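Engineer: structure here, sequence nowhere to be found:
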């Protein structure tokens, strides 16, 4: 299932994502992969605004940080250049596994994808996640407060073993499918992808979390720990990995 979000250049926002211009000074110490004049900055964060339904169903759950680990980016582009219509596919590998930490306050660039400037019909990239160094592909951290006021650390982990179903697919295209959109090197855009952690847990109630078994004092949810809760969240994640961004 695709999450449809409209994005605008020059910092205008709509929904839970934004697209704005970032300066050349910002990328001096940030990983940049691919070739071309245009740098598309990719940032990942947890939004400060939570899903209303999620807040009602598990009010004691606070997810405020975590990380995802990226193996590579699979990039597909379609457009028109001086030679006519083109379609290109390329795998962009990081020098080493890219660990992206995200929290509520950080909205900065995590990495850049370089592409040629030009007129595009569609830009699609797949963020391939992987476990690395005994750490999961995705981890969320926070706290859970019981009805009686007691609070414990919370941790959710996805050990995906390079499972394609956990990869995030992002499509950038014009509002009208038949139109082209131009990306030039003058304004390097930033696509901010928000991890809706609250939304992933919207199907789990406070009562279910209160009954979860603690591991060393931590409310840990993994494939093997509190497996029924894990399966519910896993289903939500897999249903939200396709994101369509429309450029106006």
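Structural biologist: Received it, and whenever you're ready, just let me know what you need. Quantities reported herein were computed from a predicted structural model and do not represent experimental measurements.
Engineer: rest of the way, CA atoms for contacts and neighbours
Structural biologist: OK.
Engineer: and the top helix by length along the chain, what does it pack against?
Structural biologist: In the chain, assigned by DSSP state H, the helix with the most residues is helix 227-239. Judged by 3 or more CA pairs under 8 Å, 6 or more residues apart in numbering; DSSP states H and E, helix 227-239 is in contact with helix 197-200, strand 219-221.
Engineer: which of the residues in that helix are buried?
Structural biologist: By neighbour count on 16 or more other CA atoms under 10 Å, the buried set for helix 227-239 is 229, 230, 233, 234, 236, 237, 238.
Engineer: now for residue 99, how many residues are close by?
Structural biologist: When neighbours are counted by other CA atoms under 10 Å, residue 99 registers 17.
Engineer: so it is in contact with residue 71, correct?
Structural biologist: No: using CA atoms under 8 Å, residue 99 is not in contact with residue 71; the gap is 9.0 Å.
Engineer: rewinding a little: weakest of the helices and strands packed on helix 227-239 in terms of mean pLDDT?
Structural biologist: Ranked by mean pLDDT, these bottom out at helix 197-200, with a mean of 80.
Engineer: name the next helix or strand following that one along the chain.
Structural biologist: On the C-terminal side of helix 197-200, the nearest following helix or strand under DSSP states H and E is helix 206-210.
Engineer: and that following helix, what does it pack onto?
Structural biologist: Against helix 206-210 (3+ CA pairs under 8 Å, 6+ apart) you get no helix or strand.
Engineer: list the buried residues of it.
Structural biologist: Going by neighbour count (16+ other CA under 10 Å), the buried part of helix 206-210 is 206, 209, 210.
Engineer: contact partners for the last one?
Structural biologist: Looking back up the chat, that one is residue 210. residue 146 (CA atoms under 8 Å, 6 or more residues apart in numbering).
Engineer: let's see it at 10 Å
Structural biologist: Residue 210 makes contact with 58, 60, 144, 145, 146, 147, 219, according to CA atoms under 10 Å, 6 or more residues apart in numbering.
Engineer: wait, the second one touches residue 147, no?
Structural biologist: Put plainly, it is residue 60. Yes: the pair residue 60 / residue 147 is scored as a contact, 7.7 Å apart, by CA atoms under 10 Å.
Engineer: those two: which is more packed in?
Structural biologist: Per other CA under 10 Å, whichever of residue 60 and residue 147 has more neighbours is residue 60, with 19 against 12.
Engineer: quick check: phi and psi at that one.
Structural biologist: Main-chain torsions, residue 60, degrees, to the nearest 10: phi -80, psi 0.
Engineer: now it. Nearest residue, chain neighbours left out?
Structural biologist: Closest residue in space to residue 60, ignoring its immediate chain neighbours: residue 145 at 4.7 Å, by CA to CA, 6 or more residues apart in numbering.
Engineer: I'd say the one you found and residue 207 touch.
Structural biologist: No: at 11.4 Å, residue 145 does not count as touching residue 207 under the criterion of CA under 10 Å.
Engineer: centre of the chain versus stretch 76-94, how much separation?
Structural biologist: The chain centroid and the centroid of stretch 76-94 are separated by 23 Å, computed with CA atoms, centre = their mean, to the nearest Å.
Engineer: and stretch 136-155, by the same measure?
Structural biologist: In terms of CA atoms, centre = their mean, the centre of stretch 136-155 is found 21 Å from the chain centre.
Engineer: that older thread, intersection of neighbour lists for residue 99 and residue 71?
Structural biologist: By CA under 10 Å, 6+ apart, residue 99 and residue 71 have these common neighbours: 129, 130, 132, 137.
Engineer: tell me the contacts of the last one?
Structural biologist: By that I understand residue 137. Shown in contact with residue 137 (CA under 10 Å, 6+ apart): 67-71, 99, 128-131, 157-163, 166-167.
Engineer: go with 6 Å
Structural biologist: Going by CA atoms under 6 Å, 6 or more residues apart in numbering, residue 137 touches 68, 69, 129, 130, 131, 158, 159, 160.
Engineer: residue 86 reaches residue 118, doesn't it?
Structural biologist: No: look at residue 86 against residue 118 with CA atoms under 6 Å: they stay out of range, at 11.1 Å.
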